[in-house]
Structures are given as structure tokens and as C-alpha cells.
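Trainee: Curious how this folds, go ahead:
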Amino acid sequence: MPHDVDLIILLAVGFGLALVFGYIAARLRLPPLVGYLVAGIVISPKTPGIVADLTLANQLAELGVMFLMFGVGMHFSLKDLMQVRRIAIPGAILQITVATLLGLVISMTWGWSFGSALVFGLSLSCASTVVLLKALGDRGLLDSVNGKIAVGWLLVEDLVMVLALVLLPAMAVLLGGNALEGADPDQNIWMTLGLTLLKVTGFIAFMLIIGKRLVPKIMQLVVRLGSRELFTLTVVAAAISIAYGSYAIFGVSMALGAFFAGMVVKESDFSHRAEEETLPLREVFSILFFVSVGMLFDPKIIIEQPLHILAVIGIIMVGKTLAAMALVLFFRYPLNTALTVGASLAQIGEFSFILATLGLSIGLLTLEAQNLILAGALFSISLNSLLFSAVEPVQKWIRERSHLARLLERSGDPLAMLPDEVSQDYLRDQVVIVGHGEVGRRITKTLMQDGIKVVIAEENREIVENLREKGIAAVSGSATEPGVLIQAHIQHARLLVISPMDILDIHKIVDTAKILNPQIQVLVCAENKAEADLIRADHLGEVYLAKEEMAKNMSNYILNQIEIAHHQSPSH
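Mentor: Next comes the predicted model:
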């Protein structure tokens with residue numbers, strides 16, 4: 001029998017307890033991630049009972065970090081970010097600044113150095129990708145405007161944190177920490193920083209010029225062999241090899257290398273298959289990462305420093321949330337968007353752990369600071385679902401206070417009203433199109449080519465701004481609100497076209513439209529046959545289904561209805 005079984009013990013006990021506590025967390029409607037952290041605490045050297053090898057756990061955690069960052073790179077979408085860039089980019093940067101300043105100020109009042117306070121504040125400013133995507137997905141919000149803003153916001157946070165991971169080691173001495181491993185302690189700090197940026201630039205250029213072409217070609221060659229295991233091995237080898245190569249050749253962090261590995265794999269025609277094939281492996285190492293993070297946590301800090309923990313939770317769940325909400329409202333988005341984004345970001349996760357571990361290794365954070373960050377993550381992730389549950393009641397409460405609602409909702413928003421230059425003649429017998437996604441765009445283009453008047457009702461403000469720049473009449477807001485349909489002049493419209501959305505929202509829109517204009521015809525786009533059957537059963541309007549032909553069919557139907565109505569008019 002083998003005697004060196006430390007790794008086997010760690011895997012057996014770690015996965016077993018992660019399963020048990022992950023299951024309990026899921027039953028309590030908490031993210032399983034909470035259970036994985038608790039499993040790590042149970043086998044930690046700081047708690048009685050089974051003790052796993054912390055050194056091995058840290059090495060496995062490094063692999064976990066690589067696969068986490070690889071997954072972030074594969075999910076990174078510049079297109080999605082560009083759709084909400086006007087709010088996501090400035091909003092995320094300002095929110096990170098506010099949260100970092102709050103963490104910095106409060107930790108300096110505890111007597112910490114500026115460098116420690118800065119890393120501590122940064123660690124509290126970034127939300128968890130895993131928690132956010134799961135929370136939005138469970139509530140069906142990922143494809144909504146609010147969900148896209150929250151995800152875009154998170155993408156900007158991820159990019160800022162990646163930059164922080166690159167710059168912090170180079171700036172460690174300047175901030176009062178330790179010099180980089182192998183670096184000359186007498187070397188000028190600005191030279192060190194410049195050299196680091198040069199290496200990072202060289203690595204990024206290499207990945208964008210060579211890696212972006214080479215990796216997809218290798219994947220294509222392997223796919224031709226028809227071997228599933230070789231394809232999976234290719235993707236895993238790309239992730240780990242690029243991560244290690246970025247460190248060994250360019251001297252940049254393996255986390256950054258893994259992030260760019262994910263980005264170049266995404267450029268392949270087989271990116272969806274790569275994501276599916278590697279998902280189990282990425283999840284396994286992610287679980288080990290969270291278990292190892294839990295092993296670092298000392299539960300005694302909850303008893304010894306409860307006020308410090310309350311302050312950390314306050315920054316994460318109150319300070320960050322209010323800052324995000326205020327910024328969303330400042331950009332004149334509706335209250336519902338502000339509440340959803342605020343709740344989405346009111347937690348911290350994997351990047352916080354990675355930053356804390358890095359801060360500890362370069363002498364900028366103490367074990368106390370790391371424990372406070374871990375405690376903040378545990379409590380904020382556990383309580384995050386409660387914040388999401390409070391979105392609807394809080395919104396209802398605010399709307400019942402009319403003066404407060406007017407201040408926080410859409411008062412004075414120029415995009416909530418059609419411009420004065422839109423002729424009143426244009427706002428008769430027009431087609432009101434709710435939503436300007438792929439189908440909405442095709443219908444709008446077809447109708448305008450035939451000289452048909454259209455007014456778009458769209459929640460995404462940036463889309464509305466772009467439409468107005470093109471001279472297309474559009475109004476910002478959710479069509480479930482009567483005011484939005486009124487601004488679209490639904491009372492004088494000939495047809496109402498509704499893009500795919502929740503069946504309850506379709507009910508609200510159709511009911512409001514029928515009250516304002518009993519004669520209006522309604523066309524509804526359904527996502528699937530079951531939804532189409534529900535719409536027909538409720539007599540909500542004409543239904544179209546197949547996405548590939550839907551836009552064309554609906555456009556033809558609209559044109560036919562307009563032609564029939566035109567010939568039936570008294571003048572003919």
C-alpha cells in the first residue's frame with residue numbers, strides 16, 4: 001500500500017465535505033459556493049477534527065485560479081460590453097473607486113498602512129462572477145436589459161482586477177510590501193513598473209497576433225481526428241500551457257495567461273464545444289479553489305473582531321449597493337435597473353480571494369485582513385439572495401410614495417419622451433415595436449424600406465440613443481409601464497409588435513394597449529411552441545414562432561394588414 005496519500009486524503013475529504021455542505025447550501029437556497037467554503041473551514045488546520053494538507057491545497061488552488069480565469073476569458077464578450085458601455089464602463093470604474101476608498105479609509109482608521117488598505121479596498125470592490133451569473137440565471141434575467149448591464153458591469157470589474165493582479169507585484173515595494181521574487185531590490189521602482197508593463201504588453205501582443213491564430217488552428221486539426229478526449233486535452237493543455245508560459249517566458253501572472261487563453265479559445269469555431277467539454281474539469285478545480293480558500297479562514301475572527309466584520313459587510317452590501325444604484329440612476333436608467341444592478345454587485349468572491357492571496361504573498365496584507373475578506377465573502381454571498389428577493393418589495397414601496405418615485409424613476413429623462421421634432425402626422429397609423437433585438441431590427445428595417453412609420457419602445461437606453469441618431473422615433477423604458485406606450489402614441493397606432501419576452505409582461509403590455517386603443521392589432525413573437533400556445537389560448541394576438549423566418553413573416557403580415565386597411569379607408 002502506498003504511504004504518500006496526502007493528496008488522496010485531501011481530494012476524498014475535500015470533495016466529500018464539499019458535496020455535503022454544497023447540498024445543504026443549495027437546499028437553503030444559497031449558492032453551493034458557500035458550502036464549498038464551509039467544507040474548507042471544516043478541514044482547516046485552524047479548526048478541530050480532520051486536517052488536510054494546506055500546502056497541497058494551495059497548489060491545487062493555483063490550478064483552480066487558472067481554470068477560473070480561463071472560464072472568465074471564455075465568457076468575456078467585447079460585443080456584450082459594447083452594448084452597455086456607456087453605463088457599464090464609467091459605472092463600474094466609479095463603483096470600484098468608491099468601494100476601494102471606503103475600504104481604504106476604514107482600514108486606515110484601524111491603523112493599517114496605505115498599501116494594505118489599498119489592497120483591502122480593492123478586494124472588497126469586485127463582485128463574484130459565479131454568484132452573479134447564477135443569481136441572474138435563476139431569476140431569468142441574464143438576457144434582460146438589467147441582466148446585460150449587470151454582466152457588462154462585471155466584465156469591466158474583471159478587467160480592472162486583471163490589471164490590478166498585473167500591477168500590484170510590480171508596485172509592492174512602493175506600497176510597503178516585498179520585492180518581486182528574483183527582482184533586484186535596489187532597482188528603481190518605476191523601472192520595475194515600466195518593465196512589467198512592457199512584458200505584459202509583449203504578452204498581450206503575442207496572444208492577439210500569434211495565439212489568436214495558432215490555438216484555433218490547432219483545435220481545428222485535432223477536431224478532424226474525431227477524438228473527443230484529444231479535443232478536451234487540447235483545450236486543457238492550451239489553458240495550462242499558456243498560463244505557465246506567460247509566467248515563465250514573459251514574467252506575468254499565470255492568472256493573466258489563463259484569462260487570455262480563454263479569450264483565444266473563444267475565437268475558435270469550436271468554442272462552444274470547448275466550453276462544454278472542459279466545464280466539468282473547470283468546475284472540479286473551482287470547487288478545490290473554494291475549499292482551499294475556506295482552509296485559510298480562521299473562524300475565531302468572528303468572535304474576536306465582530307465590529308470589523310460588520311464594517312466589511314456594510315461596505316460590500318450597503319456601500320457598494322448604494323454607490324451602484326446612485327450611478328445607475330444618475331445615468332437616468334429606471335429604478336428597477338438600479339435595484340437589480342445594486343443587488344447583483346452586493347457580494348464579493350473569487351477575485352477577492354485571488355487578490356487577498358496575492359496581497360499576503362507580497363507582504364501587503366496580513367492574515368487578519370485576509371480573514372476579514374473571507375468573512376465578508378461568506379456573509380455577503382449568503383445574504384445576496386435576500387437582497388434580490390427585496391428588489392420587488394422595495395420598488396413597490398417606493399412607487400407607492402409618489403414624490404420619491406418621481407425623484408427616483410424617470411423624472412426629466414429626455415429619452416422617456418419622443419423628441420419635439422417628431423411630427424404629429426408621423427404618430428398616426430404607425431407601428432409600435434416593443435424591443436429592438438435581432439427580430440425587431442429586421443422588422444424595423446423592412447417596414448421603413450416600404451415607407452411604413454414605426455416607433456420603437458426599448459429598455460436599453462444606448463439602443464434608443466443610436467436609433468434617434470439615425471432619425472428613427474424611439475422611446476426608452478419598459479413597455480409594461482403605461483407611460484411608455486403613451487409616449488409611443490399607442491392610442492393612434494395601427495399595430496403593436498411585441499418581441500420575445502416573459503408571458504406576464506406580454507399580458508401587461510397587451511392589456512394596457514387594448515385599454516388605450518381597443519382597435520389595435522397585436523402581433524407577438526414567441527420563444528417556443530409552449531409559449532405560443534399560451535399566447536393563443538389567452539387571445540393576446542397573432543403569434544409567430546420560427547426565429548429564422550419570423551422577422552420576414554411578421555414584416556409581410558404587417559405590410560398586408562396595412563395595405564388592406566389602406567384600401568378599406570373611406571377615401572378608397
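
Trainee: Can you dump the C-alpha atoms of the strand or helix carrying Asp511 in PDB for me?
Mentor: Secondary-structure assignment from DSSP states H and E places Asp511 in helix 503-516. What follows is helix 503-516, C-alpha atoms only, in PDB (Å, rounded to 0.1, in the frame of the first residue of the first chain):
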ATOM      1  CA  ILE A 503     -45.600  35.900 -20.800                       C
ATOM      2  CA  LEU A 504     -46.600  38.000 -17.800                       C
ATOM      3  CA  ASP A 505     -45.000  41.100 -19.400                       C
ATOM      4  CA  ILE A 506     -46.800  40.400 -22.700                       C
ATOM      5  CA  HIS A 507     -50.100  40.300 -20.800                       C
ATOM      6  CA  LYS A 508     -49.400  43.600 -19.200                       C
ATOM      7  CA  ILE A 509     -48.400  45.300 -22.500                       C
ATOM      8  CA  VAL A 510     -51.400  43.900 -24.400                       C
ATOM      9  CA  ASP A 511     -53.900  44.800 -21.600                       C
ATOM     10  CA  THR A 512     -52.600  48.400 -21.500                       C
ATOM     11  CA  ALA A 513     -52.500  48.700 -25.300                       C
ATOM     12  CA  LYS A 514     -56.200  47.500 -25.600                       C
ATOM     13  CA  ILE A 515     -57.300  50.000 -22.900                       C
ATOM     14  CA  LEU A 516     -55.600  52.900 -24.700                       C
END
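
Trainee: Distance check, Met448 against Asp6.
Mentor: To Asp6, Met448 is 69 Å away according to Cβ to Cβ, to the nearest Å. Glycine gets a C-beta too; all of them are placed from N, C-alpha and C.

Trainee: Repeat that for Thr100.
Mentor: In terms of Cβ to Cβ, Thr100 sits 39 Å off from Asp6.

Trainee: So for these two, which residue has more residues nearby?
Mentor: Per other Cβ atoms under 10 Å, whichever of Thr100 and Asp6 has more neighbours is Thr100, with 23 against 13.

Trainee: And for the more buried one, nearest residue in space, chain neighbours not counted?
Mentor: Counting by Cβ to Cβ, 6 or more residues apart in numbering, Thr100 lies nearest to Gly121, which is 3.7 Å off, once chain neighbours are set aside.

Trainee: average model confidence for stretch 390-405?
Mentor: In this model, stretch 390-405 has a mean pLDDT of 75.

Trainee: Apologies, that question was intended for stretch 120-133.
Mentor: 85.

Trainee: quick one: low-confidence parts of the chain?
Mentor: Counting by pLDDT under 70, the chain contains low-confidence ranges at 1-4, 77, 80, 142-143, 179-190, 192-193, 402-421, 544-572.

Trainee: That one - how does it break down into domains?
Mentor: For the chain, the structural domains run 58-288+313-369, 421-568, going by automatic domain parsing.

Trainee: Pick the most buried one from those.
Mentor: Highest mean neighbour count among the domains of the chain (mean count of other Cβ atoms under 10 Å): domain 58-288+313-369, with a mean of 20.

Trainee: first vs last residue of it, how far apart are they?
Mentor: Distance between the two ends of domain 58-288+313-369: 18 Å, counting by Cα to Cα, to the nearest Å.

Trainee: Show the residue spans covered by the helices in the stretch 401-550 of the chain.
Mentor: 402-408, 438-449, 461-469, 482-487, 503-516, 529-537, 547-568 (DSSP state H, counting those that start in this stretch).

Trainee: My guess is Leu167 contacts Gly194. True?
Mentor: No. Between Leu167 and Gly194 there is no contact under Cβ atoms under 8 Å: 11.4 Å.

Trainee: which secondary structure elements does the helix or strand harbouring Ala25 contact?
Mentor: According to DSSP H and E, Ala25 maps onto helix 6-27. In terms of contacts (3 or more Cβ pairs under 8 Å, 6 or more residues apart in numbering; DSSP states H and E), helix 6-27 is packed against helix 32-42, helix 54-75, helix 271-296.

Trainee: closest one to Ala375 among the ones you listed?
Mentor: Ala375 lies closest to helix 32-42 among those, at 10.3 Å (Cβ to Cβ).
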